[in-house]
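Novice: Fold the stuff below for me.
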Amino acid sequence: MNERKNQKPLKALLIEDDLLCQIAEKTLLEMHGFEIDTAGTAEEGLNLLSEKETDENLKPYDVIFVDIKLPDFDGDHIAEVIQKTTPDHITIPILAITAHLTEEKKHIWQGKGISMIIEKPLTENKIQQIMELIFTESRRLALLR
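Specialist: Alright, predicted model coming up:
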């Protein structure tokens, strides 16, 4: 199932407050070669990101998954904070995970720096789309900076 078996694992931060969803999403992502750090709140996630950014030359994560509705901040606010605090030469796609997606919200969230919105539940097909996005979005964002 892990198509990236002989490759370096993709590092990801998963910010999800629902423990059952966090476990299911983490397990599925790990099956596809992701190395996952988890946080249950936006504050925990931002702290993990801050700890990983100590070396300004290294990209702390290849991708950040964030639940749109967290107890302390909404996911779109987290995306804005991450973009403002991450050094200019580092680009990290931010993927929002939600159970409540509307076209209006989709356009608002994408305008706030979210690269992709994933409707729950996370599935095999969505993981493949995520993998493609990580590589194309990382290249696109790098060109913009």
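
Novice: Going by C-alpha atoms from here, please, whenever you check contacts or count neighbours.
Specialist: Fine.

Novice: Surely Lys59 touches Ile90?
Specialist: Yes - proximity of Lys59 to Ile90 meets the contact threshold set by CA atoms under 8 Å, at 6.0 Å.

Novice: so what sits against both of the two?
Specialist: Common contact partners of Lys59 and Ile90 (CA atoms under 8 Å, 6 or more residues apart in numbering): none.

Novice: And the strands in the chain?
Specialist: According to DSSP state E, the chain carries its strands in the segments 10-15, 34-39, 63-67, 94-98, 116-119.

Novice: quick one: the residue nearest the centre of the chain from Ile118, how far?
Specialist: What sits nearest the mean C-alpha location of the chain, by CA atoms, centre = their mean, is Ile64, with 1.9 Å. To Ile118, Ile64 is 12 Å away according to CA to CA, to the nearest Å.

Novice: again with Phe34
Specialist: 17 Å.

Novice: Ok, Thr98 next?
Specialist: Distance, Thr98 to Ile118, by CA to CA: 6 Å.

Novice: Same drill for these two, tell me which one is more crowded.
Specialist: More crowded of Thr98 and Ile118, by other CA atoms under 10 Å: Ile118, with 21 against 17.
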